[in-house]
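# The following block contains a protein sequence and its predicted model.
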Amino acid sequence: MISDLLKTILDVASHFNITTVIIGGLALPAYNVARTTLDIDICIKIESEKQLNYFIKDLKEKEIKTKQQPKINHDLFIVFGKGSEAEIWLKPCDAFQWDAQMVEKIQLFFGDVYVLAVEDYILTKLARIDRSSIDIDDILKLIIANKDSLDWEYFHFRLKWAGLESDFKEIIKGFELDFNYNIRNISKDILDKFK
Amino acid sequence: MKQEKRERAPIHITIADIERAYKKVEEFQRLLERGKTKEQIFKDMLRLIEVDK
């Protein structure tokens, strides 16, 4: 069973037909990676201010409240349940908005828990304005764990779309270093697939 | 696409970063081999967050 807070948020979002995915560190197991995290990050695709207000009102009736006054053009708001809290994002990343292709590629993790396609998820980490070394470490693990399933063509398209090609090339340099030093075949494989 | 003006921290990857990443991916694979599911790992992470809060 998943936490009451998460379950309630997912139920309310589903009631209003709001597309919802888990993002941040908590989504990592869906992509064969894990690490400790202290945050519950949920991303919803809101269609109108009215829908957002209904969503917030319904959460409030279920004892999940926000101290903010979220608007559709905001990045995120925080909700508090009994003893726990979650960040609800209105876009997948502070650097970009939802688009139709991103929604189309959403994947079922289990039950009613959904996640972004791994390519889009990597982008949320690479593009974020306050990108940290933890995000870079996550990206390295995601590339290694998903090298065979990654849609590299789509990923290239997204990197270009987000203007992050040169940033990702810096990450690829790490695998070049590893191959030159350790002659690790997986790194060579990643380099070949990136081409 | 809307782009923010602030600059992100530069990326500098070392061999140690790559080696650590491989190790972590192997550890996750071992968990799966021992019978843990990705769903269980997700729920374990969620439980830890709630204990912390």
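Now that the structure is in, tell me what you want to look at.

# For chain B, which residue gets nearest to chain A?
B:I13 (3.0 Å; Cβ to the nearest Cβ). Quick note: C-beta positions are derived from backbone N, CA and C, even for glycine.

# so that residue sits in a helix?
No. Under the criterion used here (DSSP: H, G, I helix; E, B strand; the rest coil), B:I13 is coil, not part of a helix.

# Quick check on A:S14: phi, psi?
phi -60, psi -40 (degrees, to the nearest 10).

# Oops, could you answer that again for A:F80 instead?
Dihedral angles (degrees, to the nearest 10) for A:F80: phi -120, psi 130.

# Likewise for the one 3 residues further on?
Taking degrees, to the nearest 10, you get phi 80, psi 0 for the backbone angles of A:G83.

# Equivalent analysis for A:F109, please.
phi -90, psi -70.

# Can you name the residues that contact it?
A:I22, A:A27, A:A30, A:V115, B:K38, B:E39, B:F42 (Cβ atoms under 8 Å, 6 or more residues apart in numbering or on different chains).

# 6 Å - rerun?
Contact analysis of A:F109 by Cβ atoms under 6 Å, 6 or more residues apart in numbering or on different chains lists A:A30, A:V115.

# how about the CA coordinates for stretch A:122-131, as PDB?
The C-alpha trace of stretch A:122-131 is given here as PDB (Å, rounded to 0.1, in the frame of the first residue of the first chain):
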ATOM      1  CA  ILE A 122      16.500  12.500 -17.600                       C
ATOM      2  CA  LEU A 123      15.700  15.800 -19.200                       C
ATOM      3  CA  THR A 124      13.900  17.000 -16.000                       C
ATOM      4  CA  LYS A 125      17.200  16.400 -14.200                       C
ATOM      5  CA  LEU A 126      19.500  17.900 -16.800                       C
ATOM      6  CA  ALA A 127      17.400  21.000 -17.400                       C
ATOM      7  CA  ARG A 128      16.500  22.000 -13.900                       C
ATOM      8  CA  ILE A 129      17.800  25.500 -13.100                       C
ATOM      9  CA  ASP A 130      19.200  24.500  -9.700                       C
ATOM     10  CA  ARG A 131      20.700  21.300 -11.100                       C
END
